[in-house]
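1. Show me the folded form of this:
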Amino acid sequence: MSEEKNLKPDGDQSLHTSVPITGMYKDWFLDYASYVILERAVPAIEDGLKPVQRRILHAMKEMDDGRFNKVANIIGQSMQYHPHGDASIGDAIVNIGQKELLIETQGNWGDVRTGDGAAASRYIEARLSKFALEVVFNAQTTEWQLSYDGRKREPVTLPVKFPLLLAQGVEGIAVGLSTKILPHNFRELIEGSIAILNGHKTNILPDFITGGFADFSEYHEGLRGSRVKVRARIEEEDSKTLLIKEIPYGITTDSLIDSILKANDKGKIKIKKVVDNTAKDVEIQIQLAPGVSPDMTIDALYAFTDCEISISPNACVIIEDRPVFLTVNDILEYNTKQTKALLKRELEIRKSELMEKLLFSSLEKIFIENRIYRDIEECTTWEAVLVAIDKGLDPYKPDFYREITQDDLLRLTEIKIKRISKFDTFKADELMKRLQEELKEVNHHLRHLTEYAINYYQNLLDKYGKGRERKTEIRAFDTIQATTVAANNAKLYVNRADGFVGFGLKKDEFICDCSDLDDIIVIRRDGVCMVSKIAEKVFMGKDILHVGVFRKGDERMVYNLIYLDGVSGKAMVKRFQVLGITRDKEYDLTKGTKGSKVMYFTANPNGEAEIITVFLTQGAKARVKVFDFDFATIEIKGRSAQGNILTRYPVRKIQLKMEGVSTLGGLNIYYDAVIGRLNTDQRGRLIGNFLGEDRILVCYKNGDYELTTFELTNRFEAAEVVLIEKFNPQSIVSAVYYDGGTKTFFVKRFQIETTTINKKFNFITDHKQSYLKLVSTEKQPQISVTLVKGKEEEFMEYDLDMLIDVKGWKAIGNKLSTYPVKDLALIQSKKTAEPEQSEDSEDSSETDADDELEIGTTIDLSVKKEDDEQLGLF
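-> Residues are numbered from 1 along each chain as shown. Okay, the predicted model is just below:
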């Protein structure tokens with residue numbers, strides 16, 4: 001920017017100089033940015049506090065008398081140190097109080113779960129917690145500085161002997177810089193510090209006061225670019241009702257309900273009603289619309305609402321007046337070493353105090369017992385008095401740890417006659433003995449500082465750790481495909497002649513219900529395949545033969561196609577899959593020659609292969625003009641495969657003769673116990689090979705069993721599942737359970753008699769302490785049992801099929817033993833049944849454009865042997 005000049009009309013420039021402003025903005029901006037970073041937004045690593053928080057705690061310490069103080073008074077006291085308004089101080093106090101660690105509160109302090117604010121500062125009260133008084137403050141180890149106006153002194157940082165920054169978490173936005181450190185569990189932080197002191201590595205993970213589930217697979221120790229996925233805890237009360245018991249961190253019940261209602265309005269989920277029953281505990285009741293799957297709705301809630309959110313941490317702290325990015329484990333290690341250093345400093349101060357007390361106690365004893373005070377009776381001046389006392393102490397000076405100063409002599413002159421007259425040598429010796437014992441203990445702690453620090457942390461854990469167990473459950477989340485769980489909120493229509501597809505063509509042909517997230521596949525008469533995003537009205541080419549919802553990677557959907565090649569005139573047949581495709585790109589299912597067209601087409605969701613009848617024209621030279629063809633005789637290949645020759649002669653028409661069955665066999669279903677979900681990706685344990693009507697048997701710890709379908713959207717609480725396997729109606733269930741009423745174990749054997757799907761039935765006693773210990777469907781299950789017989793233990797093995805007969809599922813069963821059971825386990829059978837395997841078809845993604853094998857010889861089995869030579873002409 002050019003320099004600006006201001007000249008007087010008379011040419012006198014003596015009072016006006018050129019002022020360069022180049023660089024002013026840069027300097028001012030940097031000053032402001034530095035101020036915001038250091039004084040407002042980013043916490044110091046030493047105590048984990050921003051300046052306003054530190055000043056509030058210091059003010060509360062000055063006011064502390066054990067009683068509650070009005071927050072309005074605390075704000076006024078804090079304003080002596082904090083050069084900002086009362087509103088920012090009040091908000092900071094409420095923020096600290098809601099974390100329930102440093103401040104004990106009284107009154108309405110709001111609720112982080114519901115988003116309700118605190119009452120006015122004049123109506124609420126606070127005082128420092130016992131934990132804060134023990135851990136945060138020590139005037140002797142605090143570094144002080146003058147306050148902003150120079151009238152008071154305030155701490156540079158507080159001598160916190162605990163990883164407070166990680167326990168509370170922090171969030172701040174500065175100029176060109178931000179920080180976000182998530183809160184961690186109190187107990188786990190202490191255990192982590194102990195591990196560091198023992199020389200071990202540690203890996204701490206966040207814990208949120210709102211509970212819920214969290215996936216930390218991308219946490220990366222809280223560095224920039226990391227991510228944490230957090231979910232609400234959703235329970236299925238019954239087939240028509242869901243309950244949200246815990247919510248994600250940073251989300252309130254009101255905002256969560258709003259997101260659910262918006263998703264419902266957009267048609268992503270289908271619910272009838274949402275009721276907020278939150279009081280002491282969070283409870284949001286979601287009433288489902290008729291016919292809606294609870295499992296599918298839970299997935300949809302995670303996909304389309306704030307029931308699942310992503311948090312991006314960014315651990316930034318102030319070290320030596322500079323912002324530094326660290327991992328949370330580095331911060332914990334820094335705080336642990338700082339705590340050890342502070343404990344050492346406190347011990348050294350205490351050692352100095354004890355030695356001074358011992359020194360003066362010794363001086364006092366010598367002064368009184370040796371009656372040195374009588375030597376000063378003849379002294380006429382003050383200097384002579386001090387010299388006399390010093391001379392009387394000369395024989396004992398070599399035993400003292402330091403030289404005797406004039407201040408020591410002055411203290412001796414201040415001893416009153418009353419104390420001298422009542423001096424008790426025995427009590428003096430006892431006092432010195434206690435001081436020496438304490439000094440010995442302090443020296444021991446200094447020599448074994450690491451052990452002392454570990455004991456310090458363990459004492460904090462024992463004293464304040466109760467009730468601070470982890471609230472957020474650590475889980476690995478499955479990836480929810482939005483298109484899979486979205487409710488059908490649209491209807492698909494088609495105008496075949498004009499080539500339009502969409503949900504806005506309500507006067508045209510209805511195809512199916514769909515979601516506005518779906519992709520649509522179209523196959524035209526000219527043999528062109530195309531996939532496009534659903535919209536109100538999309539042109540996809542005239543003369544549409546087939547239209548449907550496209551599922552990417554769906555290996556069960558198989559298309560059967562017969563087309564006429566425009567050049568050779570041959571009728572070609574093929575079976576193919578469309579697994580992956582580029583949107584709005586046209587793909588030829590024929591050879592792509594001019595005049596090619598589709599003669600027959602079916603879409604088969606489960607790989608069905610039908611039998612058709614082919615009618616040749618009357619003018620065809622073939623002797624057999626009508627024959628049958630089974631699609632099961634050819635392999636499933638990719639969409640670009642040209643197919644096999646069906647016949648070289650003109651075809652008059654093709655008719656369906658018989659509906660087909662699946663040629664793909666059953667579906668291999670796996671159970672991933674980490675996330676409690678079914679899959680076909682070979683994650684977890686193979687449950688079995690499933691066909692349409694097959695069921696899964698699930699037994700839970702609470703004694704429930706249920707039969708479910710093998711839909712991949714089914715959800716299971718992995719921690720509660722005792723048994724999950726393919727259901728065999730003929731199998732016998734053998735179970736051992738603990739009865740809470742009689743405090744004994746029972747054994748029972750029964751057959752599943754119920755047929756209702758997705759309904760739980762309890763087969764043990766209904767006492768609240770009853771639980772299922774083990775269950776098996778083996779023919780001859782065996783268990784090992786450790787019995788307690790008096791003072792001895794006896795190991796036994798039982799065949800459950802020999803202990804009890806098969807009874808009804810409601811039967812109580814028999815006692816396992818009259819003796820107390822210490823331990824029992826299922827003995828795995830040596831021969832485990834192999835899971836059912838299906839013969840998978842070859843990789844259908846492979847293409848074979850040159851495969852034109854004549855298939856007429858396998859078409860019509862009713863043709864006589866003498867006509868075999870004719871069949872090659874088809």
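2. what comes up buried for stretch 626-635?
-> Using 16 or more other Cβ atoms under 10 Å as the test for burial, stretch 626-635 gives 627, 629-632, 634-635. The way it works is simple: take the backbone N, C-alpha and C, and place the C-beta from them, glycine included.
3. how about JSON lines for those residues, with pLDDT added?
-> Below are the buried residues of stretch 626-635 laid out as JSON lines (pLDDT from 0 to 100):
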{"residue": "627", "pLDDT": "92"}
{"residue": "629", "pLDDT": "93"}
{"residue": "630", "pLDDT": "92"}
{"residue": "631", "pLDDT": "92"}
{"residue": "632", "pLDDT": "90"}
{"residue": "634", "pLDDT": "92"}
{"residue": "635", "pLDDT": "91"}
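4. And for stretch 540-549, what's in contact with it?
-> 492, 494, 496-501, 511-512, 514, 518-526, 528, 530, 532, 586, 598, 601, 603 (Cβ atoms under 8 Å, 6 or more residues apart in numbering).
5. go with 7 Å
-> Stretch 540-549 is contacted from outside by 494, 496-499, 501, 511-512, 514, 518, 520-526, 528, 530, 532, 598, 601, 603, using Cβ atoms under 7 Å, 6 or more residues apart in numbering.
6. just the buried residues of stretch 626-635 now: which is nearest residue 332?
-> If you rank those by distance to residue 332 using Cβ to Cβ, residue 635 comes first, at 59.7 Å.
7. got the phi/psi numbers for the closest one?
-> Dihedral pair for residue 635: phi -80, psi 160, per degrees, to the nearest 10.
8. So it versus residue 204, what's the distance?
-> Here the criterion is Cβ to Cβ, to the nearest Å. By it, residue 635 lies 55 Å from residue 204.
9. got any ranges where this protein has weak pLDDT?
-> 1-29, 35, 480-487, 829-874 (pLDDT under 70).
10. and which of the buried residues of stretch 626-635 is nearest residue 334?
-> Among these, residue 635 lies closest to residue 334 (Cβ to Cβ), at 64.3 Å.
11. So that closest one versus residue 513, what's the distance?
-> Counting by Cβ to Cβ, the gap from residue 635 to residue 513 is 33 Å.
12. Kindly report the same for residue 391.
-> Distance of residue 391 to residue 513, computed by Cβ to Cβ: 110 Å.
13. before we move on, the earlier item: closest to residue 824 out of the buried residues of stretch 626-635?
-> residue 632 (51.2 Å).
14. Can you name every helix or strand that the longest helix seen in the chain contacts?
-> Identified as the longest helix of the chain according to DSSP state H is helix 328-369. In terms of contacts (3 or more Cβ pairs under 7 Å, 6 or more residues apart in numbering; DSSP states H and E), helix 328-369 is packed against helix 164-168, helix 186-197, helix 406-413, helix 425-447, helix 449-464.
15. returning to that earlier point: out of the contacts of stretch 540-549, which are inside helices?
-> Assignment to helices by DSSP H places none of the contacts of stretch 540-549 there.
16. List buried members of the residues you listed by neighbour count.
-> Among the contacts of stretch 540-549, those buried by neighbour count (16+ other Cβ under 10 Å) are 494, 496, 499, 501, 511, 514, 518, 520-526, 528, 530, 532, 598, 601, 603.
17. For the closest residue to residue 159 other than its chain neighbours, list the residues it contacts.
-> Among residues not flanking residue 159 along the chain, residue 141 sits closest, at 4.4 Å (Cβ to Cβ, 6 or more residues apart in numbering). Residue 141 makes contact with 159, 342, 345-346, according to Cβ under 7 Å, 6+ apart.
18. which of those residues has the most neighbours?
-> Ranked by the number of neighbours (other Cβ atoms under 10 Å), those place residue 159 first, at 22 neighbours.
19. What's the separation between that one and residue 142?
-> Applying Cβ to Cβ to residue 159 and residue 142 gives a distance of 6 Å.
20. Residue 236 and residue 242 touch, don't they?
-> Yes: using Cβ atoms under 7 Å, residue 236 is in contact with residue 242, at 6.0 Å.
21. Overlap of the contact sets of those two?
-> residue 294.
22. The helices and strands packed on helix 328-369: which one's closest to residue 775?
-> helix 186-197 (33.9 Å).
23. so how far is the closest one from its chain's centroid?
-> What separates the centre of helix 186-197 from the centre of its chain is 21 Å, taken as Cα atoms, centre = their mean, to the nearest Å.
24. All set now, cheers.
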